[in-house]
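Peer 1: Got a predicted structure plus its sequence, pasted below:
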Amino acid sequence: MSRYGYFWGCYIPNRLPHMEKATRAVFDALDIPATDLEGFTCCPEKSMLKNADHEAWLLTAARNLDIAEDADLTLTTPCTGCYGTLKGANHELTDPAVLARINVRLAKVGRTYHRGTDVKHLLEVLWDDFGPQTLRQRVRYPLTGLRIAVHYGCHLLRPSRELGFDDPFAPRKFDQLVEALGATSVDYTSKMLCCGGLLARSDDQAQAEQMCRVKLKELATLEVDCLTLVCPSCTMQYEYQQATFARSGEVYNVPVLSYMELLGLALGLEPDDLGISAHRVDTNPFFARWQELRRRQDVLAGHFDLKGLTGCAECNGCRNDCPVNLHDPAFVPNQIVRQLAEGDLDGVIASKAAWKCHECYTCADRCCQSYSMLDILRTVKRLSIERGVVPSGIADGIAAVRNTGAMIAGSEAARKRLKLPALAKSGAKELETLLEE
């Protein structure tokens, strides 16, 4: 794992400090080595400053990059704008002539940049140093059952020749990191739409507001639990602008949470550890669902391996292997596991669907993890028996073994006809004594 230097940029520490708080808390929880560095300035921002004076933009970025190079640290930033600038500047500085020209000017303040600084967005850190599978293993409270909409933003992905984070028009990495927490990443039509925030700086506030509305209207219709993003400019557009809409009676009720806040909650951090109270759009509906989910998971944790349960719910690897499902399409074991992972133990038990599993071991032998669907359904059956919610045939079979030591009574007449010896004396009394509580 690399050692990192935080590059916070301008907006996060000054306008959105809760994003900084959540990032620091998650990095600490994951033992990611990161430190603050002195001397940074604005990255600087591309759409305004780069167009005003390209050379000044590149020189400013190179100076920031050199600070990290002197500290022998990889730069990580939660700001997609800073990410685009610093990685883009690094790309331009691969030209030896450009680097030499910039270093002539850097020498004025005693600096020389050797292009030795790597730049990673915090999502890139999580993807490269952990990956979805490893993060899934670190999750303490899976967000299973929550429907979350991902907003990538423009500058996390493009220009792809400079950034190379993901497919610029059909990305999946952010979605997979959300799914690693157990949540469902909801697909939607306006997913790749630009937030439109910079239009306000171009004196077109009305168009900026309209672009914001498009996504909020769709997500409100889809009734997602929240919108998640990683860009401060997009955050101000979708949260601050949404709060402004609400003050005039235009209410969408779409909570906006950074990915680091979601990850922190899944890791078991408390909302106060993540600065949640700083949000301007009401997060109470989200947290009401989250708290109920967490309560249910605490109940499940007493009976199930939560990581294994979540992994089974997301896998689907043996979905088409169940012989009962082949003849009864209504019986889909993975749906039962998913319902359970969402915390609905009572509903699973009440349905009695788990009893359709005949324990043929097909799924168990094909399972790629050590906690199979069979293990899970057996636990459901045990809990069902404890609650007395059992099909009558199953209940009769259990009672028969306990009372007589056999599932069914023998037929001496049938044995005599076949000239078989009489049944050996049963050990039912001894078994009854043994099983007494």
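Peer 2: Nice, thanks for sending it over.
Peer 1: name the element residue 185 belongs to?
Peer 2: Using DSSP states H and E, residue 185 falls within strand 184-186.
Peer 1: Show me which residues of that strand are buried.
Peer 2: 184, 185, 186 (16 or more other Cβ atoms under 10 Å). (Each C-beta comes from the backbone N, C-alpha and C, glycine too.)
Peer 1: can you check stretch 275-288 too?
Peer 2: 275, 276, 279, 281, 283, 286, 287.
Peer 1: First-to-last residue distance for it?
Peer 2: 17 Å (Cα to Cα, to the nearest Å).
Peer 1: before we move on, what about stretch 128-143?
Peer 2: 22 Å.
Peer 1: before we move on, the earlier item: next, format the buried residues of stretch 275-288 as TSV and append secondary structure.
Peer 2: Compiled in TSV, those are given as follows (DSSP: H, G, I helix; E, B strand; the rest coil):
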residue	secondary structure
275	coil
276	helix
279	coil
281	coil
283	coil
286	helix
287	helix
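Peer 1: Residue 281 is in contact with residue 246, correct?
Peer 2: Yes - distance between residue 246 and residue 281: 7.4 Å, which falls inside the contact criterion (Cβ atoms under 8 Å).
Peer 1: where in the stretch 51-200 of the chain is pLDDT low?
Peer 2: By pLDDT under 70, the stretch 51-200 of the chain contains no weakly predicted segment.
Peer 1: any idea where the helices of it begin and end?
Peer 2: 51-52, 54-70, 80-92, 96-106, 122-129, 131-138, 160-163, 173-179 (DSSP state H, counting those that start in this stretch).
Peer 1: Please identify the most buried of those.
Peer 2: Of those, the one with the most neighbours on average (mean count of other Cβ atoms under 10 Å) is helix 80-92, at a mean of 24.
Peer 1: and the closest residue to residue 190 other than its chain neighbours, what is it in contact with?
Peer 2: Spatial nearest neighbour of residue 190, excluding adjacent residues (Cβ to Cβ, 6 or more residues apart in numbering): residue 215 at 4.6 Å. By Cβ atoms under 8 Å, 6 or more residues apart in numbering, the contact set of residue 215 is 151, 190, 193, 195, 227, 238.
Peer 1: Residue 156 now?
Peer 2: Counted by Cβ under 8 Å, 6+ apart, residue 156 has contacts 80, 83, 84, 121, 123, 163, 165, 166, 174, 230, 231.
Peer 1: buried stuff in the helix or strand residue 397 falls within?
Peer 2: In the assignment (DSSP H and E), residue 397 maps to helix 392-404. Of all the residues in helix 392-404, not one is buried under the rule 16+ other Cβ under 10 Å.
Peer 1: Can you show me the strands along this structure?
Peer 2: Remark: strands assigned in the chain by DSSP state E are 4-6, 34-36, 74-77, 119-121, 147-150, 184-186, 226-229, 256-258.
Peer 1: TSV for those strands, including distance to residue 266?
Peer 2: Putting the strands of the chain into TSV (distance: least, Cβ to Cβ, whole Å) gives the following:
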stretch	distance to residue 266
strand 4-6	21
strand 34-36	20
strand 74-77	20
strand 119-121	19
strand 147-150	11
strand 184-186	14
strand 226-229	12
strand 256-258	12
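Peer 1: for those, which one sits closest to residue 54?
Peer 2: Closest to residue 54 of these, according to Cβ to Cβ: strand 119-121, at 18.9 Å.
Peer 1: Isn't residue 36 up against residue 13?
Peer 2: No - assessed by Cβ under 8 Å, residue 36 is found out of contact with residue 13, at 10.2 Å.
Peer 1: Going through the contacts of residue 215, which ones are buried?
Peer 2: Buried, going by 16+ other Cβ under 10 Å: 151, 193, 195, 227, 238, out of the contacts of residue 215.
Peer 1: between those residues, which is nearest residue 400?
Peer 2: Looking at these and their distance to residue 400, the nearest is residue 227, at 56.1 Å (Cβ to Cβ).
Peer 1: Show me what that closest one is bridged to.
Peer 2: Beta-bridge partners for residue 227, by DSSP bridges, are residue 149, residue 256.
Peer 1: Quick one: residues contacting residue 217.
Peer 2: Taking Cβ under 8 Å, 6+ apart, one finds residue 252 in contact with residue 217.
Peer 1: Now do the same contact list for the residue nearest to residue 2 when sequence neighbours are not counted.
Peer 2: Leaving aside its sequence neighbours, residue 2 sits nearest to residue 74 (Cβ to Cβ, 6+ apart; 4.3 Å). The contact partners of residue 74, taken as Cβ under 8 Å, 6+ apart, are 2, 3, 4, 5, 68, 117, 118, 119, 120.
Peer 1: Residue 74 bridge partners, please.
Peer 2: residue 4.
Peer 1: Please list all residues in contact with residue 300.
Peer 2: Shown in contact with residue 300 (Cβ under 8 Å, 6+ apart): 306, 309, 340, 343, 345.
Peer 1: so how far is residue 162 from residue 85?
Peer 2: 10 Å (Cβ to Cβ, to the nearest Å).
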